[in-house]
Each structure stands twice: as C-alpha cells, then as structure tokens.
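Asks: Show me the folded form of this:
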Amino acid sequence: MAFDRAKMPRVKKPREPLGVAGLLEYAVRSLASKMKSERDMRFRMRDRAEPGEAGQAAIDAVILKLKEYGYLSDERFAAAYTRMRQENEKFGKRRVQQGLMQKGIPNELANATLTTAYEDVDEVALARQYVERKRMKKPEGEKEIARAMRRLVGAGFSVGTVWKVLRGWGTEVEEVDVEGMEE
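Replies: Model prediction:
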C-alpha cells in the first residue's frame with residue numbers, strides 16, 4: 001500500500017506568538033499588500049499576538065507606531081475606499097457608507113468622507129454608469145422591473161434615482177411616497 005500524502009489530515013503547528021517587533025514587521029508587510037483600516041489591522045494582528053493583556057499591549061504599541069510612521073490612517077483609508085468604490089464600481093453613497101461601516105470606520109469620519117466625495121456627483125448619472133458597467137438590459141415585465149430596482153437599491157442608489165433610471169428606459173413605474181425612506 002502506497003503512502004498517500006493527499007489523504008493525510010493536515011495538522012497545523014501552532015505559531016509562536018509575535019512580540020512587538022514581529023507584529024510590526026507583520027503589520028507593515030500586510031499594509032504593503034493592501035490598505036487597511038485600524039480595526040482590520042487590529043483584527044489581523046490579534047491572531048498573531050500573545051493572548052491576553054500582553055498581546056493587547058503589543059497590538060496597541062504597533063498601531064501607535066504605524067500611525068506615527070504614517071502607514072495607518074483611517075482618514076486616508078476612508079477617502080481611498082470611497083474613491084475606488086465610486087469611480088471603479090460606480091456604487092451609490094449608501095453602498096459605500098455600508099462598506100465603510102463594515103470596515104470599522106467611525107460614523108462621523110464616514111459621513112464627512114462621503115459628503116466630500118459625493119457633493120458634486122450626479123446620482124442619476126452615476127446610476128446610469130452602474131447600469132452600463134453591469135450591462136443591465138431594459139427590464140420587461142414586473143418581475144424584471146422589481147429585480148432591476150432591487151439591484152440598483154442594493155448598489156446604494158436612492159429610490160428616487162432608481163425610478164428616474166427606470167423611466168429613462170421607458171418602463172412604467174408606480175411611485176410610492178417614500179418621504180421617510182429617502183434619508
């Protein structure tokens with residue numbers, strides 16, 4: 001009977017917890033590949049640090065050093081994240097806000113960043129760019145209209161903007177009073 005390495009269960013060797021210097025090196029390598037928020041960086045380092053108070057102190061020291069060196073900044077992360085989602089993905093303001101919240105960006109910072117980024121943006125034009133980017137076709141029938149509406153609302157556009165885009169296709173859409181839903 002031959003020895004089959006593929007069928008053997010993999011046993012992970014426990015990693016040695018990293019000290020401040022090791023965590024700093026790990027964090028810098030991690031940030032070199034992709035920009036991260038402070039919360040994401042803390043989460044990644046938690047697995048590599050010692051458990052308990054000593055590990056938390058090491059993580060705090062590394063975060064402080066990263067900020068001191070200018071490698072970690074939630075403000076820069078929020079601005080870059082917002083710009084990329086707006087320009088490349090063509091997402092609406094609400095979808096980007098949701099993403100920032102998931103990344104652990106504080107509400108005040110997220111709102112300030114979004115206000116700055118979306119102040120001169122025509123939401124209807126952005127929604128049309130999203131439709132073009134996703135190669136959405138004119139919906140035929142109520143089911144397809146509902147699907148298109150869900151997709152556009154999921155992309156972060158307001159209901160009023162979605163109706164304008166659908167009317168631009170020439171579809172019949174019944175408007176519902178959504179005063180409380182808009183903001």
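Asks: quick one: Arg128 and Gly168 touch, right?
Replies: Yes. Contact criterion C-beta atoms under 8 Å: Arg128 and Gly168 qualify, at 7.1 Å. Bear in mind the C-beta positions are built from the backbone N, C-alpha and C, glycine included.
Asks: Identify the residues contacting Thr113.
Replies: Thr113 makes contacts with 75, 78-79, 82, 100, 105, as judged by C-beta atoms under 8 Å, 6 or more residues apart in numbering.
Asks: swap the cut-off to 6 Å and go again
Replies: By C-beta atoms under 6 Å, 6 or more residues apart in numbering, the contact set of Thr113 is 78-79, 82.
Asks: Same check on Trp169?
Replies: Lys138.
Asks: On the pLDDT front, check it for me.
Replies: Looking at Trp169, its pLDDT reads 78.
Asks: One more: Glu175?
Replies: 59.
Asks: Show me what the top helix by length along the chain packs onto, helices and strands only.
Replies: When the chain is parsed with DSSP state H, its longest helix is helix 53-69. When contacts are defined as 3 or more C-beta pairs under 6 Å, 6 or more residues apart in numbering; DSSP states H and E, helix 53-69 sits against helix 20-33.
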